[in-house]
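**Q** let me see the structure of the following:
(2 chains)
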Amino acid sequence: MIPAAFDYHRPDTLDEALKLLKKHGDEAKVLSGGMSLLPMLKLRLASFAHLVDINRIPGLDYIKEEKGTLRIGAMTRQAALERSDVIKSRYPILADAVPLIADPLVRNRGTLGGNVANGDPGNDQPAIMIALGATFVAEGSKERTIPANQFYKGLYETALARNEILTEIRIPAPPPKSGGAYTKLKRKTGDFAVAAAAVQVTLGKGGAVESCRIALTNAGLTPVEAVDAAKYLVGKMPDDKTLMEAAKMAAAKSSPSADRKGSVEYKKEMARVLTARALKKAVQRAGAN
Amino acid sequence: MAKHKISVTINGAVRAAEVESRLLLVHLIRENFAMTGTHVGCDTSHCGACTVVLDGSPVKSCTVLAVQADGCKITTVEGLEQGGKLHPVQEGFTEKHGLQCGFCTPGMLMTASALLERNKNPSELEIRQAISGNLCRCTGYVNIVKAVQYAAEKMR
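**A** All right, here's what the predicted structure looks like:
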């Protein structure tokens, strides 16, 4: 399959890329890893007159934890996240998730920035970023930051303006007694989730839940943050019964659609089961550090 | 739609081409360079038959634009054999019967050779994970895993 014809631009600087976006407006699309965009162009589900390839812009590929913030450059490949020691040791929610994204060959190209900016509810990292309380840095006429839980507006619709590029993901470093987990059900390698749950918790004095965020993948047109379920947990001891109740509340917030991966009922039930598992795992990890 | 003059180093040789923006890397390799060892399978970045090593990383060449490879180093299955001597992964696939129809084999070989560059002593699980983006519908993977283990031992 061959994409419809387009002009290809490979700017060397962010400024140059932003100028191209400004010039071409709705006709232009940013090309990051291309693992979602190129298949869509090939299947002719999308077409753009101009692709602006940001792969050669220096300084968009890094993972660094400093002053209480983990900063990840938008062009950081999934494979780099998978091999990162700081992620393996301090961000288990991401360490859980990355090996479950697509397949190893796709992860060699696919980027974190592309995964979160694309606005596909089947992508795994949007829910994770919501659970982690991350913010996205957008460069346009000026720099601005957008909290992950305010970023997703609809199917492939995000808060990112046409003339903006997502350049960095900022994740607050978790305090002591924190843990996270991502659980995902998929039929085979490379498939999107039937359902998946992202959980990040921090335990307080005596082991009660001090703070918690829960978000679901493929549970609607955007990632779904289960605010009520998280609120329900705060101040409570995270015993099995309480976690099960929170998982039930989270699943009630999901509104998946039926497709060949399963019926609505099945997907909602899987969202409940996966949230329960993620909660248990996250609490266990929080207790261990 | 302007054409782009690109230059790549493929299997050690510098090759130039003038390409349309939308030309896929796999078609550059197969059609412009007439190297047909790299296969087009699913053409939707699932099957991995089109896997080539791009600047050290195995990637699906049906989902990379040719123009994106400008200035890069590419290794295809044709580049594995050196001086008439099979690469250990090729030898492994021969010795351990790692193929039946052979359609996935070029991709499998590229993924396997890139794995062994990075990890000299992969466990069975690591091999299975590494090739999880390469589909084989004949072998059930058992002999492919054995073939990679054979190559790993040979390369140590």
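
**Q** residue B:138 in helix, strand or coil?
**A** Secondary structure, DSSP: H, G, I helix; E, B strand; the rest coil: residue B:138 is coil.

**Q** what pLDDT does the closest residue in space to residue A:155 that isn't next to it in sequence get?
**A** The spatial neighbour of residue A:155 that comes closest, neighbours along the chain excluded (CB to CB, 6 or more residues apart in numbering or on different chains), is residue A:221 at 4.5 Å. (C-beta placed from N, C-alpha, C; glycine too.) Here, the pLDDT recorded for residue A:221 equals 97.

**Q** my read is residue A:221 is in a strand, agree?
**A** No - assigned with three-state DSSP, residue A:221 falls outside any strand and is coil.

**Q** contact partners for it?
**A** Applying CB atoms under 8 Å, 6 or more residues apart in numbering or on different chains to residue A:221 gives the contacts A:121, A:154-155.

**Q** for chain A, which residue gets nearest to chain B?
**A** Proximity of chain A to chain B (CB to the nearest CB) peaks at residue A:103, 2.9 Å away.

**Q** dihedrals phi and psi, the residue in chain B that chain A sits nearest to?
**A** Here chain B gets closest to chain A at one residue, residue B:133, 2.9 Å apart by CB to the nearest CB. Dihedral angles of residue B:133 (phi, psi; degrees, to the nearest 10) stand at phi -100, psi 10.

**Q** for residue A:285, which residues are in contact?
**A** Counting by CB under 8 Å, 6+ apart, residue A:285 makes contact with A:92, A:179-181.

**Q** would you mind listing what in the stretch 51-200 of chain A touches chain B?
**A** Residues of the stretch 51-200 of chain A lying close to chain B (CB under 8 Å from any CB of the partner chain) are A:51, A:53, A:55, A:79, A:99, A:102-106, A:108-109, A:189-190.

**Q** I'd like to know which of those are buried.
**A** Applying 16 or more other CB atoms under 10 Å in any protein chain shown to those, the neighbour count classes A:51, A:53, A:79, A:102-106, A:108-109, A:189-190 as buried.

**Q** elements contacting the host helix or strand of residue B:109?
**A** Taking DSSP states H and E as the definition, residue B:109 sits inside helix B:105-118. With contacts taken as 3 or more CB pairs under 8 Å, 6 or more residues apart in numbering or on different chains; DSSP states H and E, helix B:105-118 sits against strand B:51-54, strand B:57-60, helix B:88-95, helix B:124-130, helix B:142-155.

**Q** what mean pLDDT does it get?
**A** Helix B:105-118 carries an average pLDDT of 98.

**Q** mind listing what's buried in it?
**A** Burial within helix B:105-118, assessed by neighbour count using 16+ other CB under 10 Å, is assigned to B:105-116.

**Q** okay, the closest residue to residue A:156 other than its chain neighbours: pLDDT?
**A** Nearest non-adjacent residue to residue A:156, counting by CB to CB, 6+ apart: residue A:119, 4.3 Å away. In this model, residue A:119 is scored at 96, pLDDT.

**Q** quick revisit: now, the contacts of residue A:285 that are in helices?
**A** Members of the contacts of residue A:285 lying in helices (criterion: DSSP state H): residue A:92.

**Q** taking the contacts of residue A:285, please make a ChimeraX selection of just the buried ones.
**A** In ChimeraX, a selection of the buried entries from these looks like this (16+ other CB under 10 Å):
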select /A:92,179,180,181
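
**Q** report the separation between the most centrally placed residue in chain A and residue A:253.
**A** Central residue of chain A (CA atoms, centre = their mean): residue A:125, 1.8 Å from the mean position. To residue A:253, residue A:125 is 19 Å away according to CB to CB, to the nearest Å.

**Q** what's the closest of the helices and strands packed on helix B:105-118 to residue A:87?
**A** Closest to residue A:87 of the helices and strands packed on helix B:105-118 is helix B:124-130 (CB to CB; 17.3 Å).

**Q** hmm, the closest one in reach of chain A?
**A** Yes - contact of helix B:124-130 with chain A (CB under 8 Å from any CB) involves B:129-130.

**Q** mind listing what's buried along that helix?
**A** Neighbour counts using 16+ other CB under 10 Å place B:127, B:129-130 of helix B:124-130 among the buried residues.

**Q** picking that back up, ok, now which ones touch the residue of chain A closest to chain B?
**A** By CB under 8 Å, 6+ apart, residue A:103 lies in contact with A:189-190, B:48, B:132-133.

**Q** find the nearest non-adjacent residue to it, please.
**A** Using CB to CB, 6+ apart and skipping residues adjacent in sequence, the residue nearest residue A:103 is residue B:133, 2.9 Å away.

**Q** could I get stretch B:88-95 in PDB with only the CA atoms?
**A** Written as PDB, here are the backbone C-alpha positions of stretch B:88-95 (Å, rounded to 0.1, in the frame of the first residue of the first chain):
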ATOM      1  CA  PRO B  88      26.100 -17.800  12.100                       C
ATOM      2  CA  VAL B  89      22.300 -17.100  12.100                       C
ATOM      3  CA  GLN B  90      22.000 -18.300   8.500                       C
ATOM      4  CA  GLU B  91      24.000 -21.400   9.400                       C
ATOM      5  CA  GLY B  92      21.800 -21.900  12.400                       C
ATOM      6  CA  PHE B  93      18.600 -21.800  10.400                       C
ATOM      7  CA  THR B  94      20.100 -24.300   8.000                       C
ATOM      8  CA  GLU B  95      21.400 -26.700  10.700                       C
END
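
**Q** any buried residues in the helix or strand containing residue A:21, and which?
**A** Per DSSP H and E: residue A:21 is located in helix A:14-24. Across helix A:14-24, burial judged by 16+ other CB under 10 Å covers A:14, A:17-18, A:20-21, A:24.

**Q** please compute how far it lies from its chain's middle.
**A** Put simply, helix A:14-24 sits 25 Å off its chain's centre (CA atoms, centre = their mean, to the nearest Å).

**Q** and residue A:248, how many residues sit next to it?
**A** By other CB atoms under 10 Å in any protein chain shown, the residues close to residue A:248 number 15.

**Q** circling back: let's have the buried residues of helix B:124-130 in TSV, adding pLDDT.
**A** Formatted as TSV, the buried residues of helix B:124-130 follow (pLDDT from 0 to 100):
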residue	pLDDT
B:127	98
B:129	97
B:130	98
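
**Q** could you dump the residues you listed into CSV and include distance to residue A:85?
**A** Formatted as CSV, these follow (distance: CB to CB, whole Å):
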residue, distance to residue A:85
B:127, 23
B:129, 19
B:130, 20
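
**Q** tell me the one of those residues nearest residue A:267?
**A** Of those, the one sitting nearest to residue A:267 (CB to CB) turns out to be residue B:129, at 26.7 Å.

**Q** give the contact list for the nearest residue to the closest one once chain neighbours are set aside.
**A** Nearest residue to residue B:129 in three dimensions, chain neighbours excluded: residue A:104, at 6.8 Å (CB to CB, 6+ apart). Residue A:104 sits next to A:79, B:58, B:111, B:129-130, B:132-133 when contact means CB under 8 Å, 6+ apart.
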